[in-house]
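Novice: what follows is a predicted protein model with its sequence.
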Amino acid sequence: MDTSQYLELFLDETKEHLQTLNEHILVLEKEPENADTVNEIFRAAHTLKGMAGTMGFTRMQRLTHDLENVFSEIRNGNMKANAKLIDVLFRGLDALESYLDVISTEGNEGTEDNEDIIQDLNALVEEQSGGGGQTDSTASDAASADSASAKKEKKASAQDDDKCKFRQIPVSDFEADAMRNAKEEGKNIFGITVFIQESCVLKSARAFLVFKAVENKGELIKSVPTTEKIEDEEFDFDFSWILATTETKEDIEKLILSVSEIAEVYIDDFELPEEKKPKEEEKPKAGKAPAPAKKEAKKPEPAAAANNTANKGKVKMGSRSVRVDIDKLDVLMNLVSELIIAKNGLVSVSSTGVAQAEHTQSFHEQIEYLERVTTNLHESVMKVRMVPIDSVVNRFPRMIRDLNRKLNKKMELYMTGEETELDRTVIDEIGDPLMHLLRNSADHGLESNEERVRLGKPEVGSIFLDAYQDGNNVVIEVRDDGGGIDVEKVKNKAISRGTITEKQAETMTSKDFIDLLFLPSFSTADQITDVSGRGVGLDVVKTKIEALGGSISAKSVAGEGSTFTIQLPLTLAIIQALMVEVGTEKYAIPLGNINGIEDISKDEISFVQSKEVIHLRGSVIPILRLHDMLDIEPVEEEPETYIVVVMKKGEQRVGLIIDNLLGQQETVIKSLGHHITNDKLFSGATILGDGEVALILDTNSLI
């Protein structure tokens, strides 16, 4: 079996199972007697082992088997989860993640056997269960041997006594109608029971391949168990269908037996239930046709072998994927069909010889219709691309648990708003910045246990990660209840390294000093640790956030803690922008960054430290002449009034002097590509209605 086509799906689903194991082992550490948690862990480990075995990753399979063996002993009551065991289990998960990294880059699992982890796992089993836990598959084989005869009897009963399990399938009215309609069309109605070999590692994978073998040969009326249960491996070693097809029994049987690890197939004509004659009062009302029979839409997709992406609702994005609800895809498909209708309408209007006035009216109507459809299409595509941020933040509790031990600090992470959604491209990039901020809070934000007790604080420090939507943006806050940022220390460090002068320091606020932490390589840490340093990495965080079109700010209260606030756009693909003219050129300014637009006379411009500023409602706002920034000749040498677009980033505001306002427009962002490297002022470009290209100003860089 060529498994290379399933590699991407294997990587995606293995990540999910490893995350499930991480989350549930954290729960197990706090609740060692939680039977539901142990069962979930065992199920995830068992599935992971089967997936690795099916893909041929024997080292990964062996390590997962030994982990599963430990979970089995815990589930059977032969072992107890203690700190020593939990540490080894997490080492095992880290090793599995390392295997996954190697597989994703090289296509194979490498040569690392992780013998030390396997030996520690087996030693713990030996120590706690008194040798009761075997380290190979003998135990599970022995356990299953007792039930082997029972399973054979069950199979014999299904084949000989009842002749075929499908005869006992309960059929609903609409399923019966579907069979009758198929019969009238000349199709055969077969009941099929498939028996999978009991040595099969991944049953759902084989079931999926069976479905794939016959899916183009007929219509699946019903499956027992349901396709969802088959997909989740919630079945024994046999499953049954009702299939409507024009093929013969022999042809269908041959197709099914072409799949490996299929023990036996039983096919027979399915006996249709007698049609119920409606009572007089139950007859369909005139003008209403009975609802058509529905076809079962979803086919089983195994954990590591499915590639039937349309049925699952997976939309491929390069080497990544995002799960999509089928209903969202239906809406998308419907909108695309409406787009085609709108296109046909425009073609019709342009080719019809009618009076000019009537032609113009029809044209405008079609344009309005097209605008409505494209707006809805945009919203629908955005929803398809949206992913909850829990796919990023769900790994952080494990990280804080590890820092707890590494730093010898007691701390807890509290998260809210994990269901908040962001565009997939933003999700992929936000993980590292958030990790930097959390590590900073753990290492330098929270005081030591002894210091917290001395200050009258709870010994266990608290770190918070909160996410919520605010208009067209998502806000993520990382805060702690530590000692806060030492502003005086930041000030002294900045002066000593020449970042600011003592004279500048006299006029700076606490906020100004805190903003210095985002400068490259600026740190107040006396000793740089491998965990973090206050300021180390914050310049990287700022660069990454601003590259995503977002912003970051920080505030702190001495003795109470610090808060870092990240603001991100919902999507990077389409934005609302203000179109402006500078000289004879057109530029787009993202609407989300605009605080207001002002008409300013030239007399209102003054100077502070040789920089041009304006006074606006009690605030002093620096201004930038875009002519100078962009090296464009001004239309007038010295106009009497200026149009100033006031930009806002956090608490900072800057005014941009432009020549003309063109209005608001929905713009599609296009990348400038890899050849243009001097793009600090621009976040991309957009194509206007007349085909002209307008650059999109990067307001964060300007500010």
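Specialist: Yep, it's here. Numbers count the residues shown, from 1 in each chain.
Novice: can you pull out the helices in the stretch 601-703 of the chain?
Specialist: Ranges of helices within the stretch 601-703 of the chain are 626-630, 699-702, based on DSSP state H, counting those that start in this stretch.
Novice: now the ones you listed as JSON lines including mean neighbour count, distance to Ile400 and mean pLDDT?
Specialist: Every residue, glycine included, has its C-beta placed from N, CA and C. Converted to JSON lines, the helices of the stretch 601-703 of the chain look like this (neighbours: other C-beta atoms under 10 Å; distance: least, C-beta to C-beta, whole Å; pLDDT from 0 to 100):
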{"stretch": "helix 626-630", "mean neighbour count": "16", "distance to Ile400": "43", "mean pLDDT": "88"}
{"stretch": "helix 699-702", "mean neighbour count": "18", "distance to Ile400": "30", "mean pLDDT": "78"}
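Novice: these: which one's closest to Val214?
Specialist: With C-beta to C-beta as the measure, helix 699-702 is the member of the helices of the stretch 601-703 of the chain nearest Val214 (56.0 Å).
Novice: which strands and helices lie in contact with the closest one?
Specialist: Other helices and strands packing on helix 699-702, by 3 or more C-beta pairs under 8 Å, 6 or more residues apart in numbering; DSSP states H and E, are strand 641-649.
Novice: what strands line up against the strand it packs on, and which way round?
Specialist: strand 594-601 (antiparallel), strand 652-658 (antiparallel) (DSSP bridges).
Novice: please identify the deepest-packed of those strands.
Specialist: Among the strands paired with strand 641-649, ranked by average contacts under mean count of other C-beta atoms under 10 Å, first place goes to strand 652-658 (a mean of 21).
Novice: determine how far it lies from the middle of the whole chain.
Specialist: 36 Å (C-alpha atoms, centre = their mean, to the nearest Å).
Novice: other residues contacting it?
Specialist: With contacts defined as C-beta atoms under 8 Å, 6 or more residues apart in numbering, strand 652-658 is touched by 580-582, 587, 589, 595, 598, 600, 614, 616, 619, 621-627, 642-647, 697, 702-703.
Novice: now swap in stretch 578-591 and tell me
Specialist: Stretch 578-591 is contacted by residues 549, 569, 575-577, 594, 626-627, 630, 632-635, 645, 647, 656, 658-665, 667, 683, 686, 688, 692, 694-697, 699 when judged by C-beta under 8 Å, 6+ apart.
Novice: now with 7 Å?
Specialist: Stretch 578-591 has contacts (C-beta atoms under 7 Å, 6 or more residues apart in numbering) with 575-577, 594, 626-627, 630, 632-635, 645, 658-665, 667, 686, 688, 692, 694-697, 699.
Novice: re the thing from before, compare the strands paired with strand 641-649 and give me the one nearest Lys555.
Specialist: In terms of C-beta to C-beta, the element of the strands paired with strand 641-649 nearest to Lys555 is strand 652-658, at 13.4 Å.
Novice: please enumerate the helices of the stretch 451-600 of the chain.
Specialist: Counting by DSSP H, counting those that start in this stretch, the stretch 451-600 of the chain has helices at residues 487-496, 502-507, 510-515, 538-547.
Novice: Glu250: which of those helices is closest?
Specialist: Closest among these, using C-beta to C-beta: helix 538-547, at 61.5 Å.
Novice: select the longest helix from the chain.
Specialist: Secondary structure assigned by DSSP state H gives helix 356-385 as the longest helix of the chain.
Novice: in that one, what counts as buried?
Specialist: 362, 366, 370, 373, 376-378, 380-381, 384-385 (16 or more other C-beta atoms under 10 Å).
Novice: pick the one among the residues you listed closest to Glu109.
Specialist: Once C-beta to C-beta is applied, the member of these that ends up nearest Glu109 is Arg385, at 31.9 Å.
Novice: roughly how far apart are that closest one and Lys203?
Specialist: Shown here: Arg385 relative to Lys203, a distance of 34 Å by C-beta to C-beta, to the nearest Å.
Novice: do Met411 as well
Specialist: For Met411 relative to Lys203 (C-beta to C-beta), the value is 43 Å.
Novice: below-threshold pLDDT in the stretch 201-350 of the chain: ranges please.
Specialist: 201, 273-322, 350 (pLDDT under 70).
Novice: if we can go back for a sec, buried only: go through the contacts of strand 652-658 for me.
Specialist: Judged by 16+ other C-beta under 10 Å, buried ones among the contacts of strand 652-658: 580-582, 587, 589, 598, 600, 614, 616, 621, 623-627, 642-647, 697, 702-703.
Novice: what's the local residue count around the residue nearest to Thr374 when sequence neighbours are not counted?
Specialist: With sequence-adjacent residues excluded and distances taken as C-beta to C-beta, 6 or more residues apart in numbering, Thr374 is closest to Leu339, at 7.3 Å. Number of residues near Leu339 (other C-beta atoms under 10 Å) recorded here: 15.
Novice: on the three-state scheme, Leu339 is what?
Specialist: helix (DSSP: H, G, I helix; E, B strand; the rest coil).
Novice: in this structure it contacts Arg372, no?
Specialist: No. Between Leu339 and Arg372 there is no contact under C-beta atoms under 7 Å: 10.6 Å.
Novice: CSV for the helices of the stretch 451-600 of the chain, including distance to Asp36?
Specialist: CSV is the format used below for the helices of the stretch 451-600 of the chain (distance: least, C-beta to C-beta, whole Å):
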stretch, distance to Asp36
helix 487-496, 48
helix 502-507, 58
helix 510-515, 45
helix 538-547, 38
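Novice: perfect, I'm done here.
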